[in-house]
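Q: predicted coordinates and the sequence they were generated for:
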Amino acid sequence: MAVRPGKPVIGVLALQGAFAEHEDYLRRAGALPVEVRLPEQLDALDGLILPGGESTTIGKLLRRFGFEEPLRRFDRPIWGTCAGMILLSQEICGGLPDQLALNRIDLRVTRNAFGRQAESFTAPLDFSDLEEPVPAVFIRAPLAEPLSDRVQVLAEVDGQVAAARQENVWVSSFHPELSGDLRLHRAFVTSCRSGSEGHKLQAGG
């Protein structure tokens, strides 16, 4: 039997998008990051991040490489950022008719709702568990609407959902791996280390 490392092993989907930046933040937050390119790698993970990128392209690659059903069944903490948030959602507006929605969190998302690449912006977000706001980078960010009371909104920007969670599924419409702030990655690493009893960020005030 292989010996598990002392650090939680957290995969970063590495088919397309900003996976290298997440790896760096995870490493600095105390985890052992692994680039995930095949579904059989999921069994060895304590958690998984679906990074930002182009959600339509990532969805097609997930289907091509056989990730769809394994990701629906993945029972450890999973965090979708920007495009990853879109893929984890229940309903997607503004995409192709066959766009992949993994239905892991009860959200309806609208792609590119905050504008195009040139309209990117940074905004401070309040999380009640964190003393100082998180500087959040929004790039072609999706808008999210909760579809049930199982969704806990963690932070908002301009009255819109910026971060949320449902059980062990985390999502953010922004790019935490570009913020220069490790606190969200540290919280996710702690959750992966401790399982379902790990740290869970609470809704912002």
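A: Yep, that arrived.
Q: what's the span of stretch 174-181, first residue to last?
A: 13 Å (Cα to Cα, to the nearest Å).
Q: tell me the buried residues in it?
A: For stretch 174-181, the neighbour count (16 or more other Cβ atoms under 10 Å) marks 174-179, 181 as buried. Where you see a C-beta, it was placed from the backbone N, CA and C, and this is true even at glycine.
Q: where are the low-confidence patches of the chain?
A: Within the chain, the segments meeting pLDDT under 70 span 1-5, 95, 113-119, 195-205.
Q: go through the buried residues of stretch 174-181 and say which is closest to L38.
A: E177 (22.4 Å; Cβ to Cβ).
Q: three-state assignment of the closest one?
A: Under DSSP: H, G, I helix; E, B strand; the rest coil, E177 falls in the helix class.
Q: N103 versus that one, what's the distance?
A: 25 Å (Cβ to Cβ, to the nearest Å).
Q: same check, this time on D126
A: 29 Å.
Q: with G30 instead?
A: Taking Cβ to Cβ, one finds G30 at 31 Å from N103.
Q: and stretch 25-38, end to end?
A: End to end - Cα to Cα - stretch 25-38 spans 22 Å.
Q: tell me, what residue is most central in the protein?
A: G80 (1.7 Å; Cα atoms, centre = their mean).
Q: so which residues of this structure form helices?
A: 19-28, 55-64, 68-73, 83-88, 183-194 (DSSP state H).
Q: so can I have a markdown table of those helices showing mean neighbour count and distance to R140?
A: Listed next are the helices of the chain as a markdown table, based on neighbours: other Cβ atoms under 10 Å; distance: least, Cβ to Cβ, whole Å:
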| stretch | mean neighbour count | distance to R140 |
| --- | --- | --- |
| helix 19-28 | 20 | 16 |
| helix 55-64 | 19 | 10 |
| helix 68-73 | 13 | 22 |
| helix 83-88 | 28 | 9 |
| helix 183-194 | 22 | 20 |
